[in-house]
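Novice: task: produce atomic coordinates for the following.
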Amino acid sequence: MDAKTLARTAALAGATLLATAGCGGFARSTNQPPPPARGSATATPVASYPPPVATPAAIRLVDEDLADLHLWVSNQSFEDDRVTVTVSIDGTRLVDQPFDVQGQHNWVLFPVKLPAGSHEVTATSQTGAETRQRLTMPEKGRRYAVIGYWRDPGRDGPHLDWLVRSHPIGFQ
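Specialist: Model prediction:
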């Protein structure tokens with residue numbers, strides 16, 4: 001490979017990386033998957049919150065390469081520069097932490113193991129925003145979802161947006 005082709009390949013790889021990572025880059029979840037309870041197939045609840053009615057062991061945070069769902073969560077509100085967002089799937093709490101707006105380019109990844117079929121995703125904030133969405137996972141393949149917290153001037157209160165795709169999502 002000549003130097004000109006090598007330079008072109010390196011420039012293309014760099015542009016692809018920037019397009020994928022966006023301006024501020026990606027973050028990893030600060031939540032760790034809860035350890036399994038002794039003698040039980042269910043997971044231990046995160047923090048001191050009461051456990052959901054049923055905690056399927058099949059729904060849990062995992063390493064990124066093992067995930068069926070790449071769930072990204074972000075605070076997009078300059079009005080609320082820090083907001084706590086909680087996300088549950090079928091009653092299993094997977095996310096419960098504060099998110100800083102940081103110039104609106106702070107997307108945190110939560111890689112989720114999730115069986116095929118229909119699931120209910122519930123996201124809430126301590127400011128009263130809430131969304132409930134249906135997510136259908138295929139038998140094969142991965143899904144990519146984004147939950148964004150917003151409080152827009154002129155709109156009634158805070159809200160949570162939901163977006164799901166069958167291909168990776170590029171952030172700007």
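Novice: which residues in the chain form strands?
Specialist: Taking DSSP state E as the test, the strands found in the chain are 26-28, 60-61, 69-75, 82-89, 92-100, 107-113, 117-125, 130-137, 143-150, 159-165.
Novice: low-confidence ranges in this structure?
Specialist: 1-57, 172 (pLDDT under 70).
Novice: and if we set it to 50?
Specialist: Confidence mapping of the chain against pLDDT under 50 gives the ranges 1-55.
Novice: follow-up on the earlier one: nearest to Phe171, out of the strands of the chain?
Specialist: Among the strands of the chain, the nearest to Phe171 by CB to CB is strand 107-113 (5.6 Å). C-beta: built from backbone N, CA, C; applies to glycine.
Novice: mind giving me the packing neighbours of that closest one?
Specialist: strand 26-28, strand 60-61, strand 69-75, strand 92-100 (3 or more CB pairs under 8 Å, 6 or more residues apart in numbering; DSSP states H and E).
Novice: export only the CA atoms of the longest one, formatted as PDB.
Specialist: Extracted in PDB, the C-alpha atoms of strand 92-100 (Å, rounded to 0.1, in the frame of the first residue of the first chain):
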ATOM      1  CA  THR A  92     -36.300  -4.800  36.400                       C
ATOM      2  CA  ARG A  93     -34.400  -1.600  37.400                       C
ATOM      3  CA  LEU A  94     -31.400  -1.200  35.200                       C
ATOM      4  CA  VAL A  95     -30.600   2.500  35.500                       C
ATOM      5  CA  ASP A  96     -30.900   4.800  38.500                       C
ATOM      6  CA  GLN A  97     -28.300   7.600  38.600                       C
ATOM      7  CA  PRO A  98     -27.800  11.300  38.000                       C
ATOM      8  CA  PHE A  99     -26.900  12.500  34.600                       C
ATOM      9  CA  ASP A 100     -25.200  15.900  33.900                       C
END
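Novice: thank you, goodbye.
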